[in-house]
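Novice: Take a look and give me a structure for this.
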Amino acid sequence: MIKIDWTWWCLTNNEFGPNWNLAKVIQNAKAAGAVGVELTPPEHWKALRSEGLTCPLSLVGYEGCAPFDIGFNRVQDRPRVLDEAKRQVALCEASNGVCNAVIAFSGKHDHSQTGDTAIQNCVDGLNQLIEETRGSSVVFMLEHLNDVAPVSESLYGRGWRHHPDYDATHPNYVLEVVKRVNSPRCKLLFDIYHFQRQLPQENIVRWMTKNKDHIGHIHVAGDNGSTSVRGELNVPTQLVDWDLTFAAIREMNYQGHVGLEFILTPGGHYAREQKAVMKRIRGS
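Specialist: Okay, here's the model as predicted:
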């Protein structure tokens, strides 16, 4: 059975989420059959573990900027990125199996260097991180993001739907990094929402199945091309054929996690929507 996670920031945010507390997050995730709640802050990992849940994916934080603003593409940022990543690895190692993966980012585009230089910087930085955490089983999931602004942010507040000037906006950028690193501890975080927004004419299923051996984690969120961006999947105007996509995930014998990282149209019923999507993913 495919391992499906809920996502902390979508559940606890005051601006557009249901603003659940920790107890309600755990209660609803367990009731729905989720295996964990990804991106849960480390201070709550013990509570997850006590209820039989995990945090399948964690996030490095930086003071003064968003976690995706800086990354491995700029050599001058590498000491700070490595320090924070190693700190996160230590938290994962101390979690007794609650968390074993960390998101990695390219960082914002550096106009002073070529695209291949940026890719090789990511490769060199990740190789150094893997070497400096030798003996750890923690996996680094490098994520591509989209930089395409939605038609309207009015329903969903600011940010979170697109990432202006992010470097790795094409999944092939991340794929090339992962291939060059060539380590079981470096995988691609395949975000279907970001793929659809950035490359609407491309075939998601074809790309995903062709590169399945390099994918370590999958994110899903809806896109209907107008106001419902990073929204629910169970609306009739979706630009992604989700049943076809989920069938492909099942057929390719995917062993990683699928994270539900979407926010609802105001007034939506979050727990009910999550359960409905989980059912579609599992084909039941």
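Novice: residues in contact with Leu260?
Specialist: Shown in contact with Leu260 (C-beta atoms under 8 Å, 6 or more residues apart in numbering): 4-7, 10, 220-221, 274, 277-278. In short, each C-beta sits where N, CA and C put it, glycine included.
Novice: ok, which stretches of the stretch 51-200 of the chain are strands?
Specialist: 101-104, 139-143, 186-191 (DSSP state E, counting those that start in this stretch).
Novice: quick one, longest helix in this structure?
Specialist: For the chain, the longest helix by residue count, based on DSSP state H, is helix 115-132.
Novice: now for that one, which elements pack on it?
Specialist: Other elements packing on helix 115-132 under the criterion 3 or more C-beta pairs under 8 Å, 6 or more residues apart in numbering; DSSP states H and E are helix 78-93, strand 139-143, helix 171-181.
Novice: just those: most buried one?
Specialist: For the helices and strands packed on helix 115-132, the stretch with the most neighbours on average is strand 139-143, a mean of 24; neighbours defined as mean count of other C-beta atoms under 10 Å.
Novice: Quick check: neighbours of that strand in the sheet, parallel or antiparallel?
Specialist: strand 101-104 (parallel), strand 186-191 (parallel) (DSSP bridges).
Novice: about what we covered before: and the angle for the longest helix of the chain with helix 171-181?
Specialist: Counting by axes from the mean of the first three to the mean of the last three C-alpha atoms, to 10 degrees, helix 115-132 lies at 50 degrees to helix 171-181.
Novice: who touches helix 115-132?
Specialist: Helix 115-132 is contacted by residues 71-75, 78, 81-82, 85-86, 104, 106, 109-110, 113, 140, 142, 167-168, 173, 176-177, 180-181, 183, 185-186 when judged by C-beta under 8 Å, 6+ apart.
Novice: which residues of the stretch 101-250 of the chain score low on pLDDT?
Specialist: Counting by pLDDT under 70, the stretch 101-250 of the chain has low-confidence residues at 150-160, 226-228.
Novice: let's see it at 90
Specialist: The model of the stretch 101-250 of the chain has pLDDT under 90 over residues 147-164, 223-232, 234-237.
Novice: Would you state the helices of the stretch 151-284 of the chain in chain order?
Specialist: 171-181, 192-198, 204-210, 242-251, 270-282 (DSSP state H, counting those that start in this stretch).
Novice: right, so of these, which gets closest to Asn146?
Specialist: Ranking the helices of the stretch 151-284 of the chain by distance to Asn146, with C-beta to C-beta as the measure, places helix 192-198 first at 3.9 Å.
Novice: Which strands or helices does the closest one pack on?
Specialist: For helix 192-198, the contact count by 3+ C-beta pairs under 8 Å, 6+ apart identifies helix 204-210, strand 215-220, strand 222-223, strand 229-231 as packing neighbours.
Novice: chain center to that helix: distance?
Specialist: Centre-to-centre, helix 192-198 and its host chain are 12 Å apart (C-alpha atoms, centre = their mean, to the nearest Å).
Novice: List of residues touching that helix?
Specialist: Surrounding helix 192-198, the residues in contact under the criterion C-beta under 8 Å, 6+ apart are 143-148, 161-162, 169-171, 202, 204, 207-208, 218-223, 229-230, 239-240, 245, 261-262.
Novice: Looking at the contacts of Leu260, which is nearest His214?
Specialist: His214 has its nearest neighbour among the contacts of Leu260 in Val220, at 18.1 Å by C-beta to C-beta.
Novice: Who is the closest one paired with across the strands?
Specialist: Counting by DSSP bridges, Val220 is bridged to Leu260.
Novice: Quick one: residues contacting it.
Specialist: Residues near Val220 by C-beta under 8 Å, 6+ apart: 192-193, 233, 242, 258-262, 277, 281.
Novice: again, only using 7 Å
Specialist: Contacts for Val220 (C-beta atoms under 7 Å, 6 or more residues apart in numbering) come out as 192-193, 233, 258, 260-261.
Novice: Could you do Ala32 as well?
Specialist: Counting by C-beta under 7 Å, 6+ apart, Ala32 touches 271, 274-275, 278.
Novice: ok, and the most crowded of these?
Specialist: Gln274 (25 neighbours; other C-beta atoms under 10 Å).
Novice: from the middle of its chain, how far away would whichever strand or helix holds Trp9 be?
Specialist: Using DSSP states H and E, the element containing Trp9 is helix 8-12. How far helix 8-12 lies from its chain's middle: 13 Å, per C-alpha atoms, centre = their mean.
Novice: same check, this time on stretch 66-74
Specialist: With C-alpha atoms, centre = their mean as the basis, stretch 66-74 stands 15 Å off its chain's centre.
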